[in-house]
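Novice: Could you work out the structure for the sequence below:
(one chain, ligands or ions: 1)
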Amino acid sequence: MKGSITLANGTSFAGDWLGDHQYCSGEVVFYTGMTGYEQVLTDPSYQGQIVVFSYPFIGNYGFKPESMESALIQVSGVIMAECYPFQLEGERLSLTEYLNHHHIPALTNVDTRALIQQIREKGSVPAVMHTSTIPSDSFQLQECWPQTALEKFGTGKTHIVLIDFGYKKSIADSLVAQGCTVTVVPYNYETDEIEKLNPDGFVFSNGAGDPMRFSKYFHRYKNIAVRYPVLGICLGHQILALAFGGETMKLKFGHRGANHPVMNMKTGKVSMSSQNHSYVVKKESLHSTGFNIWFENVNDKSVEGLWHSQYAILSVQFHPEAAPGPQEHAQIFQDFIQTVKHKEKVRSYA
Ligand SMILES: NC(=O)CC[C@H](N)C(=O)O
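Specialist: Alright, predicted model coming up:
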């Protein structure tokens, strides 16, 4: 069956339709990594988005449950230049079987290069994937909210509470690997309930959409961050900056890939990071927040990480847990846990 993706400006790109679900809508974004489609498709930060893979051949290593970042496929739809067409040996499901099982539509044989050029020119716009006509209200984007269940991972001595804005499983795994017990709580959990958990420190997770959606709770998050060591990752980093009076803005088409260079502003060292975000913290909004720039993006000079002069707060816009992508920043979890254990100011690590 033939199908298309149509952007809000009316431009369409045709391809071959995969799956029985014949329609979806979402913000169209592109991912430039060569591998890692299992993690991308199941990362809750991509909720409500249609992901275009720039790598020309996707699906050749199937889909393994242990690579999943959450229990679901989170994206609304998938666009590929070419999808691996064969069954896989053994028990591993093929990508197309997995997408179909979750009722996620995909298009293959699409001119992804032309589509990505459009996104780079026009920005990450709303789009629909369809096999026939498009309903008139279809370019309205839906807000996605995390659905958290209280969860516990690990049995280590250090107790980290992971505030869930749509967390990736590999963040919890990275903390467990550092000898932590991790309790996941919803973004709107009451402060006194959190206090009863007796935490040693907090991680503010990644998540979908505009960080300003959580503004109702900023006072609560600041109250935590001035009393406990905190590490913010991606949306969690943006929320920490906002809670202390900073501002965020949306980039034209965001950073999504596995080779984004960032510079540590203290050491001048450049390293490769895994990224997936549309929003960034505005540098000029930081002057009275107490935050200092820890990392900067080498390509566009945007803020990639912060440390606080007064409180034990570290935050990164990129993903130290990688999954997928380079693992050059795994040390950040180790440094953070040292801070939690010794109650030192994070400043000494910056
Ligand atoms: N990975 C994330 O946490 C993404 C953060 C936010 N939703 C953004 O797009 O900027």
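
Novice: quick one: residue 143 and residue 214 touch, right?
Specialist: No. In this structure, residue 143 is not within contact of residue 214 by Cβ atoms under 8 Å, at 11.4 Å. All C-beta spots, glycine's among them, are computed from the backbone N, C-alpha and C.

Novice: So the two - more neighbours on which side?
Specialist: Here residue 143 and residue 214 are compared on neighbour count by other Cβ atoms under 10 Å; more neighbours surround residue 214, at 23 against 10.

Novice: Would you double-check that the more buried one falls in a strand?
Specialist: No. Counting by DSSP: H, G, I helix; E, B strand; the rest coil, residue 214 is not found in a strand; it is helix.

Novice: Could you report the pLDDT at it?
Specialist: Each residue has a pLDDT score; the one for residue 214 is 97.

Novice: The one 3 residues further on too?
Specialist: At residue 217 the predicted local confidence, pLDDT, stands at 98.

Novice: Over to the one 5 residues further on?
Specialist: Residue 222 is assigned a pLDDT of 97 by the prediction.

Novice: contacting residues for it?
Specialist: 243, 244 (Cβ atoms under 8 Å, 6 or more residues apart in numbering).

Novice: any idea which element it lies in?
Specialist: helix 218-225 (DSSP states H and E).

Novice: how distant is that helix from the center of its chain?
Specialist: Centroid displacement of helix 218-225 relative to its chain, using Cα atoms, centre = their mean, to the nearest Å, is 22 Å.

Novice: Can you name the element that comes right after it?
Specialist: Elements were assigned by DSSP H and E; along the chain past helix 218-225, the next helix or strand is strand 230-233.

Novice: now the helix or strand following that following strand, how far from the chain's geometric center?
Specialist: Towards the C-terminus, the helix or strand next in line after strand 230-233, according to DSSP H and E, is helix 235-243. Distance of helix 235-243 from its chain centroid, counting by Cα atoms, centre = their mean, is 14 Å.

Novice: Next: stretch 75-91.
Specialist: For stretch 75-91, the distance to the chain centre is 22 Å (Cα atoms, centre = their mean).

Novice: Show me what counts as buried in that stretch.
Specialist: For stretch 75-91, a neighbour-count test (16 or more other Cβ atoms under 10 Å) marks 75, 76, 77, 78, 79, 80, 81, 82, 83, 84, 88 as buried.

Novice: distance of the fifth one from residue 102?
Specialist: In other words, residue 79. 16 Å (Cβ to Cβ, to the nearest Å).

Novice: circling back: identify, from the buried residues of stretch 75-91, the entry nearest to the ligand.
Specialist: The closest of these to the ligand turns out to be residue 75 (Cβ to the nearest ligand atom; 12.8 Å).

Novice: residue contacts, that closest one?
Specialist: Counting by Cβ under 8 Å, 6+ apart, residue 75 touches 26, 40, 41, 46, 47, 49, 50, 51, 104.

Novice: Run through the residues that contact the most centrally placed residue in the chain.
Specialist: The centroid of the chain falls nearest to residue 45 when counting by Cα atoms, centre = their mean (4.0 Å). Remark: with contacts taken as Cβ under 8 Å, 6+ apart, residue 45 is in contact with 74, 166, 168, 206, 207, 208, 234, 235, 276, 277.

Novice: hmm, 6 Å instead?
Specialist: Contacts were defined as Cβ atoms under 6 Å, 6 or more residues apart in numbering; by that measure residue 45 touches 166, 206, 207, 208, 276.

Novice: pretty sure it is in a helix, no?
Specialist: Yes. Counting by three-state DSSP, residue 45 is part of a helix.

Novice: shift numbering so it begins at 8
Specialist: Sure, I'll start numbering at 8, so the last one becomes residue 52.

Novice: If you drop the residues flanking it in sequence, what lies closest to it?
Specialist: Spatial nearest neighbour of residue 52, chain neighbours left out: residue 213 (4.9 Å); criterion: Cβ to Cβ, 6 or more residues apart in numbering.

Novice: From residue 247, how far off is the one you found?
Specialist: In terms of Cβ to Cβ, residue 213 sits 13 Å off from residue 247.

Novice: Quick check on those two: which one has the bigger neighbour count.
Specialist: Of the pair residue 213 and residue 247, residue 247 is the one with more neighbours under other Cβ under 10 Å, namely 30 against 26.

Novice: in terms of contact, does that one touch residue 322 like I think?
Specialist: Yes. Under the contact definition of Cβ atoms under 6 Å, residue 247 touches residue 322, with a separation of 5.0 Å.

Novice: How many residues are close by residue 108?
Specialist: Residue 108 has 12 neighbouring residues, counting by other Cβ under 10 Å.

Novice: May I have the phi/psi pair for it?
Specialist: Main-chain torsions, residue 108, degrees, to the nearest 10: phi -60, psi -30.

Novice: still on that earlier bit, buried sites along the helix holding residue 229?
Specialist: Those would be 225, 227, 228, 229, 231, 232, for helix 225-232 by 16+ other Cβ under 10 Å.

Novice: Quick check: the gap between the residue nearest to the third one when sequence neighbours are not counted and residue 185.
Specialist: What sits nearest to residue 228 in space, not counting adjacent residues and going by Cβ to Cβ, 6+ apart, is residue 250, at 4.5 Å. Residue 250 sits at a distance of 25 Å from residue 185 (criterion: Cβ to Cβ).
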